[in-house]
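Participant: when you get a sec, could you give me coordinates for this:
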Amino acid sequence: MLPSVIRRFFDRNILKELKMEYDAIWFGGGAAGRFGAAYHKALGGKPLIVEEHHLGGECHVCRCAFENFFSDQASMAELMRLYSGKSWYPKIDLSNISAAKAAELYRNVGQKAFADTMKHQTEKQLGIEVAWGKGKIIDKNTVEVEGKIYRGKNLVIGTGSRPTMPDIPGINLPGVMTYKDHPEMKTDPKKMVIIGGGKIGIGKAAMFAPFNIEVTVLEKYTCLPKWDRDIRNFIFRDFKRRGIKIYEGIDVKEIKGKGKVQSVVAQFNGETMEFPCDAVMVSVGLTPNSEPAIPLGVKIGKGNEVIIDEGCRTNVPGIYAVGDAAGAPYFMAIARKRGMIAAKNIAGEDAKMDYSFVPDHIYLPPLEATCVGLTESEAREKYGDVVLIQVPWGPKPEDPKPEEYYPGFENQGLPVCGRMHTLNLLFYGQNRNGLVKAIVDPKSRKYVGFHSVGDGAKTAFQYLSYLLKIGWTVDQMANLHEIFLNAEHFIQLSRLVAGQKELKGFAAQVYLDEEYVCR
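Facilitator: The predicted structure follows:
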């Protein structure tokens, strides 16, 4: 046996190591964990972030920041293509444009710069302690990181999500990728098939096409089912103009290839179709990374998500889950807010998540689609009659030719998008001046939904979300001060109709009377 004095010294140091050191251990330093820990510290708590790789999660690696960068490069390519050889613009050779080179630049500079910034901001500026390394949850109060033991009064699971991979032959062939692999591109594919027509799949299709990549989207059900019909139709008309093909109601059966991707086989209307390609992007959804929490006894949902209440609490006292680990909606804003709500509740408040009026957007370079609130069909189902404020009113069957005025085509003079290049596009023949649409309940005169295809409107939608929540009316919107030209136009459009005793709005026709699919 050890001498008593040595044993007492040993026991005292073990107990010191295992005592309650932190108010909460944030297991995962992504959007939810980083912002939650920051808010926790601001409330006077003592948080610890456990992170193996980098702070900020996927944002700066393969999602938000990267997609903004890549969408901007795609926008430049698309605008150069549209302007090439028109009027005073010279012919521009885009034969050597490279999506892989764009990804390489971001990979070598952007990823590292963002990671350094967030590390400095979190540790130095905010003073939050980070335990770097692969973490292992021992129990709800104990985490081990690189052989060191950390103790906390609460545990917050913020382990994010991963792309859902369908169980089909060939899914592991070289050339099959997800959004996570996009920044790692080393070569430029000639033909790409995107499996899945949600916001990720549609956005990626719009990003890849400007780089001379032939893109086909295969969706088993309906593309963008939760989006307003007019926005969907605008996007699909634009895709057809750009040569992007979309198949809805098509069932992918196999990815074929010898050593690498060569084609995708699918069933469509009872027939077998084969789509030659040298790259496949899978975008059929996300699966929460809940596995580290399962041994703790927390409830797990059918989608592999950690089940939480409105306060981000699990069924086990002292354990919270935030961000994608807690399931849909999979938005950066929701992840950060879940972190904030968990921090408040750990600090003794009674805070609840509010999932109402969450804005959404899709990259469509050189434009983007944004929405918040009800679609037209949802509003009609809820309120019966609705008033639409919408411009343009409808499409011209064919595109105007460059530098020509079309009498009787009133939409030609309706600049909808924010940047002036979109006004130029109007006169250079592509009829791509965007679309804005507001939906009003005529009885209360309150706005119930906003929708836009343009450039820059998503900034305004952050605040339109709040105005919907507090029930702003057309009349209140008309009293704001706009900066014209702007991206969304809702203030000035409100002013045009606010004087009407009985609201009529203006939307001479929906963008297309029938659903539009581009094949």
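Participant: hey, where'd the helices end up in this protein?
Facilitator: For the chain, the helices defined by DSSP state H cover 4-18, 31-42, 64-83, 99-105, 111-119, 199-208, 229-242, 332-346, 376-383, 420-427, 458-469, 474-478, 490-497.
Participant: most tightly packed of those?
Facilitator: Among the helices of the chain, helix 31-42 has the highest mean neighbour count (mean count of other C-beta atoms under 10 Å), at a mean of 26. C-beta coordinates here come from the backbone N, C-alpha and C atoms, glycine included.
Participant: what's in contact with it?
Facilitator: 23-24, 26-27, 29, 47-49, 51, 55-57, 59, 118, 122, 126-128, 156, 158, 322-325, 332, 335-336, 338-340, 342-344, 346-347 (C-beta atoms under 8 Å, 6 or more residues apart in numbering).
Participant: okay, the angle between that helix and helix 111-119?
Facilitator: 20 degrees (axes from the mean of the first three to the mean of the last three C-alpha atoms, to 10 degrees).
Participant: which stretches of the stretch 301-450 of the chain have low pLDDT?
Facilitator: The model of the stretch 301-450 of the chain has pLDDT under 70 over residues 393-403, 405-431.
Participant: for the chain, that is, sorry about that
Facilitator: Ranges of the chain meeting pLDDT under 70: 1-20, 393-403, 405-431, 508-519.
Participant: any idea how far Val143 is from Lys258?
Facilitator: For Val143, the distance to Lys258 equals 46 Å [C-beta to C-beta, to the nearest Å].
Participant: so between those two, which is more surrounded?
Facilitator: Legend: neighbour count by other C-beta atoms under 10 Å for Val143 and Lys258, higher for Val143 (24 against 7).
Participant: from what I can see the more buried one touches Gly133, true?
Facilitator: No. In this structure Val143 lies outside contact range of Gly133 using C-beta atoms under 8 Å: 10.6 Å.
Participant: mutual contacts of the two, please.
Facilitator: By C-beta under 8 Å, 6+ apart, the residues touching both Val143 and Gly133 are Val50.
Participant: the nearest residue in space to Ala131 that is not next to it in sequence pairs with what?
Facilitator: Using C-beta to C-beta, 6 or more residues apart in numbering and skipping the chain neighbours, the partner closest in space to Ala131 is Val145 (4.3 Å). Counting by DSSP bridges, Val145 is bridged to Gly135, Lys148.
Participant: ok, Leu48 next?
Facilitator: Ile25, Glu129.
Participant: now it: how far from Pro183?
Facilitator: For Leu48, the distance to Pro183 equals 29 Å [C-beta to C-beta].
Participant: how near is Glu291 to Ala326?
Facilitator: Distance, Glu291 to Ala326, using C-beta to C-beta: 14 Å.
Participant: equivalent analysis for Met340, please.
Facilitator: The value you get for Met340 to Ala326, if C-beta to C-beta is used, is 13 Å.
Participant: residues near Gly158, how many?
Facilitator: So Gly158, with other C-beta under 10 Å, has 33 neighbours.
Participant: likewise for Gly45?
Facilitator: Close neighbours of Gly45, defined as other C-beta under 10 Å, add up to 18.
Participant: so what's the backbone phi/psi at it?
Facilitator: phi -80, psi 170 (degrees, to the nearest 10).
Participant: show me what contacts the spatially closest residue to it that is not a sequence neighbour?
Facilitator: Leaving aside its chain neighbours, Gly45 sits nearest to Asp23 (4.2 Å; criterion: C-beta to C-beta, 6+ apart). The neighbourhood of Asp23, defined by C-beta under 8 Å, 6+ apart, consists of His40, Gly45, Lys46, Pro47, Gly152, Lys153, Asn154, Ile346, Ala347.
Participant: if we use 10 Å, what do you get?
Facilitator: By C-beta atoms under 10 Å, 6 or more residues apart in numbering, Asp23 lies in contact with 40-41, 43-48, 152-154, 343, 346-347.
Participant: wait, Glu146 touches Gly133, no?
Facilitator: Yes. The pair Glu146 / Gly133 is scored as a contact, 3.7 Å apart, by C-beta atoms under 10 Å.
Participant: which one's more surrounded, the two?
Facilitator: Counted by other C-beta under 10 Å, Glu146 and Gly133 do not tie: Gly133 has more neighbours, with 15 against 11.
Participant: hmm, the more buried one is touching Ile49, no?
Facilitator: No. At 11.6 Å, Gly133 and Ile49 do not qualify as touching, with contact defined as C-beta under 10 Å.
Participant: now the angle between helix 458-469 and the longest strand belonging to the chain, please.
Facilitator: Determined from DSSP state E, the single longest strand within the chain is strand 446-454. Using the same axes, to 10 degrees, one finds that strand 446-454 and helix 458-469 are set 170 degrees apart in direction.
Participant: break this structure down into its structural domains.
Facilitator: According to automatic domain parsing, the chain comprises the domains 12-60+103-162+287-346, 176-284, 366-497.
Participant: of those domains, which is nearest Glu67?
Facilitator: domain 176-284 (7.2 Å; C-beta to C-beta).
Participant: run the chain-centre distance for that closest one.
Facilitator: 17 Å (C-alpha atoms, centre = their mean, to the nearest Å).
Participant: among the helices of the chain, which comes closest to Glu271?
Facilitator: Judging these by C-beta to C-beta, what sits closest to Glu271 is helix 229-242, at 21.6 Å.
Participant: other SSEs contacting the closest one?
Facilitator: In terms of contacts (3 or more C-beta pairs under 10 Å, 6 or more residues apart in numbering; DSSP states H and E), helix 229-242 is packed against helix 199-208, strand 214-219, strand 245-248, strand 360-364, strand 367-373, helix 376-383, strand 435-441, strand 446-454.
Participant: now do it against strand 446-454, angle only.
Facilitator: Using the same axes, to 10 degrees: helix 229-242 against strand 446-454 is 0 degrees.
Participant: who touches the one residue sitting closest to the centre of the chain in this structure?
Facilitator: With distances taken as C-alpha atoms, centre = their mean, Phe331 lies nearest the centre of the chain, 5.9 Å away. Counting by C-beta under 10 Å, 6+ apart, Phe331 touches Ala31, Gly323, Asp324, Lys337, Tyr355, Val358, Pro359, Asp360, His361.
Participant: in PyMOL, how would I select just the buried ones from these?
Facilitator: Buried residues within the contacts of Phe331, by 16 or more other C-beta atoms under 10 Å, are selected in PyMOL with:
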select buried, resi 31+323+324+337+359+360+361
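Participant: what's the distance between the spatially closest residue to Lys382 that is not a sequence neighbour and Val265?
Facilitator: Once flanking residues are discounted, Lys382 sits nearest to Leu374: 6.8 Å by C-beta to C-beta, 6+ apart. Going from Leu374 to Val265 by C-beta to C-beta gives 39 Å.
Participant: list the contacts of Val156.
Facilitator: With the criterion set at C-beta under 10 Å, 6+ apart, Val156 makes contact with 24-28, 32-33, 36-37, 40, 47, 49-50, 312, 314, 318-323, 325, 338-339, 342-343, 346.
Participant: I misspoke; the intended subject was Ile157.
Facilitator: Contact analysis of Ile157 by C-beta under 10 Å, 6+ apart lists 25-28, 32-33, 137, 288-290, 292-293, 296, 298, 306, 308, 312, 314, 319-323, 325-326, 342.
Participant: can you do 8 Å?
Facilitator: By C-beta under 8 Å, 6+ apart, the neighbours of Ile157 are 27-28, 290, 292-293, 298, 306, 314, 319-322, 325-326.
Participant: show the buried residues in those residues.
Facilitator: Neighbour counting over the contacts of Ile157 (16+ other C-beta under 10 Å) leaves 27-28, 290, 292-293, 298, 306, 314, 319-322, 325-326 as the buried ones.
Participant: pipe these into CSV and attach distance to Gln73 per row.
Facilitator: Output for the buried ones among the contacts of Ile157, formatted as CSV (distance: C-beta to C-beta, whole Å):
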residue, distance to Gln73
Phe27, 35
Gly28, 30
Ser290, 35
Pro292, 36
Ala293, 38
Val298, 42
Val306, 36
Thr314, 41
Ile319, 42
Tyr320, 39
Ala321, 36
Val322, 32
Ala325, 32
Ala326, 33
